[in-house]
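Visitor: predicted model and sequence below, questions to follow.
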Amino acid sequence: MGYDRIVSYGEEAVVAYSVTNNLSNVTNSNTTSVVADGSAYIATLVVNDGYVLDSIVITMGGVDVTSTVYNGGNISIGVVTGNIVITANAIIDETEEPSG
């Protein structure tokens with residue numbers, strides 16, 4: 001486990017972590033791919049029309065944090081401490097009535 005990158009601003013170095021989206025039939029409202037250490041990360045996951053969320057796993061620094069940062073489509077990480085990986089899969093909603 002390591003830092004994604006370190007960006008230097010004058011004498012102060014800022015640690016930045018990557019945000020990786022592994023999404024299938026799901027869109028993330030937050031398109032950023034880098035977030036500074038200690039910053040917040042907020043996003044909303046939207047499932048494509050005609051699909052239903054099948055699985056969601058969010059890791060930070062390699063640790064599954066899904067149960068503490070995800071609720072009803074919303075991701076809220078108050079303090080980022082590692083690389084974030086969001087993996088979400090949606091499948092066809094079999095309960096929808098066919099049109100016609």
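Guide: The structure has been received and is ready for your questions.

Visitor: quick check, pLDDT for Arg5.
Guide: On the pLDDT scale, Arg5 is placed at 59.

Visitor: try Asn21
Guide: Confidence at Asn21, expressed as pLDDT, is 98.

Visitor: do Glu97 as well
Guide: Here, the pLDDT recorded for Glu97 equals 64.

Visitor: also Ala13?
Guide: The score at Ala13 is 79. That number is its pLDDT.

Visitor: flag the shaky bits of this structure, pLDDT-wise.
Guide: 1-11, 96-100 (pLDDT under 70).

Visitor: and if we set it to 50?
Guide: The chain contains residues with pLDDT under 50 at 1-2.

Visitor: longest single strand anywhere in it?
Guide: With secondary structure taken from DSSP state E, the chain has its longest strand at strand 12-24.

Visitor: could I get the full set of strands for the chain?
Guide: Taking DSSP E, the strands of the chain run over residues 5-9, 12-24, 26-28, 34-36, 41-47, 51-60, 63-64, 70-71, 74-77, 84-92.

Visitor: export the longest one to CSV, keeping only CA atoms.
Guide: What follows is strand 12-24 as a C-alpha-only set of coordinates in CSV (Å, rounded to 0.1, in the frame of the first residue of the first chain):
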residue,chain,number,x,y,z
GLU,A,12,4.5,21.9,1.1
ALA,A,13,3.9,18.5,-0.4
VAL,A,14,0.4,17.3,-0.9
VAL,A,15,-0.3,13.6,-1.0
ALA,A,16,-2.9,12.7,-3.6
TYR,A,17,-4.8,9.4,-4.0
SER,A,18,-6.4,7.9,-7.0
VAL,A,19,-10.1,7.3,-7.5
THR,A,20,-10.8,4.3,-9.7
ASN,A,21,-14.3,3.5,-11.0
ASN,A,22,-15.1,-0.1,-12.1
LEU,A,23,-18.7,0.4,-13.1
SER,A,24,-21.1,-1.7,-15.1
